[in-house]
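1. can't give you the sequence, but here's the structure:
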C-alpha cells in the first residue's frame, strides 16, 4: 500500500483509523448528493473501508484518506479503482471532499497525485473519471487533469459524464508538469 505526499496533503490508504473522519464526510447529504444521493450510515462507511482494504490487498490500489498536512484532519478521500467496480473496466480516478475544503484546490492536488501514481505504478493506457451530469466542480477538476469529455453513460446507478486521459496525453499535460514539480 502506498502513501502519497503532496504539498498540502498526505494520502493514506483508507483503514479503520479513518472511520470517524470518513463517516463525517460520507454522512453529509450535500457531499453525497452527486455520489449516491443520500448520506451514508455508519455501516455503509465501514463497508467502504472493508471493501477498500480488500482491494488494496488484492489489486494494489484503491482509496486513500486525504489528510491535511498542517493540522492532520481528514478532509476527503479519493482513489483509483475500476470503473463501476468492474475489473474488466478501465481504471477510474475519483474523489470527494468535505464542504469546508471545497474551492481550495485540494481535489485537483490530490487527484493529480493519484493520477501520476497510477500512470507511474500501474501503467494503464488510459484513466477515466465520471461525475453526475450536474457536478460542474468535479468536471472542472477532470479538465484540469488534462482529461477530455468523451460522453455520457450510466454508472453507479446514475447518468454520468465521462472524461478520459491517455498515458500520452497525461505525459504532455500541464497537470503532469505540476505533478513532477511537486514530487
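-> Great, that's in hand. Just so we're clear, the structure is a prediction, and the values are computed from it rather than from any experiment.

2. residue ranges for the helices of the protein, please.
-> Using DSSP state H, the helices assigned to the chain run over residues 19-26, 29-32, 42-59, 106-117, 136-144, 167-171, 174-182.

3. Quick one, which of those gets closest to residue 7.
-> Residue 7 lies closest to helix 174-182 among these, at 5.6 Å (Cβ to Cβ). Placement of C-beta: from N, CA and C, glycine included.

4. Could I get the buried residue list for that closest one?
-> Buried residues in helix 174-182, counting neighbours by 16 or more other Cβ atoms under 10 Å, are found at 175-176, 178-179.

5. can you put the residues you listed in JSON lines and add distance to residue 124 and pLDDT?
-> Shown next, in JSON lines, are these (distance: Cβ to Cβ, whole Å; pLDDT from 0 to 100):
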{"residue": "175", "distance to residue 124": "16", "pLDDT": "96"}
{"residue": "176", "distance to residue 124": "14", "pLDDT": "97"}
{"residue": "178", "distance to residue 124": "20", "pLDDT": "96"}
{"residue": "179", "distance to residue 124": "16", "pLDDT": "96"}
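
6. tell me which of those residues is nearest to residue 39?
-> Nearest to residue 39, judged by Cβ to Cβ, of the buried residues of helix 174-182 is residue 175 at 31.4 Å.
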